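Peer 1: Below are the sequence and a predicted model; questions follow.
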Amino acid sequence: MICRVELNPEIEQKPELINLIQHIFVKEVKKINSEYNFVLDKLGDKVKPRIILHEHGYEKYFPIGKTKKNA
C-alpha cells in the first residue's frame with residue numbers, strides 16, 4: 001500500500017517525518033478497522049503503508065486548484 005502525502009510548503013522532508021506519519025496511520029487505522037488490526041498482527045511490517053512525501057502542489061498528484069480524492 002502506498003500513501004502519498006502533500007507537504008505544507010514550510011515543512012521539510014525528513015526520514016523521521018515518514019516514520020511519524022506511518023506510525024500515526026497504523027495507530028489510527030487499527031482503532032477503526034479490526035480486520036487491519038488482525039492482518040497487522042499476523043504479517044507485521046508487510047502491511048504497513050509505504051509513505052511517499054511530495055512537495056506542495058506536486059503536479060502529478062496534488063495540482064493546485066484541483067481536488068481529486070482516491071480511495
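Peer 2: Nice, thanks for sending it over. Numbering: from 1, shown residues only.
Peer 1: Would you mark the buried spots in the longest helix along the chain?
Peer 2: Taking DSSP state H as the criterion, the chain has its longest helix at helix 15-32. Buried residues in helix 15-32, counted by 16 or more other CB atoms under 10 Å: 18, 21-22, 25-26, 29. Backbone N, C-alpha and C define where each C-beta goes, glycine included.
Peer 1: Take those residues and lay them out in TSV including pLDDT and distance to residue 64.
Peer 2: Output for the buried residues of helix 15-32, formatted as TSV (pLDDT from 0 to 100; distance: CB to CB, whole Å):
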residue	pLDDT	distance to residue 64
18	95	23
21	96	22
22	96	26
25	95	25
26	96	30
29	95	28
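Peer 1: Sort out which one of these lies nearest residue 41 for me.
Peer 2: Closest approach between these and residue 41, by CB to CB: residue 26, at 11.5 Å.
Peer 1: now that closest one: how far from residue 52?
Peer 2: 16 Å (CB to CB, to the nearest Å).
Peer 1: again with residue 42
Peer 2: On the measure of CB to CB, residue 42 and residue 52 end up 25 Å apart.
Peer 1: swap in residue 23?
Peer 2: 16 Å.
Peer 1: Compare residue 42 and residue 52 (neighbour count), which wins?
Peer 2: Neighbour tally, residue 42 and residue 52, criterion other CB atoms under 10 Å: the higher count belongs to residue 52, 13 against 9.
Peer 1: Secondary structure element holding that one?
Peer 2: Using DSSP states H and E, residue 52 maps to strand 50-54.
Peer 1: which helices and strands does that strand pack with?
Peer 2: Packing partners of strand 50-54 (3 or more CB pairs under 8 Å, 6 or more residues apart in numbering; DSSP states H and E): strand 2-6, helix 15-32.
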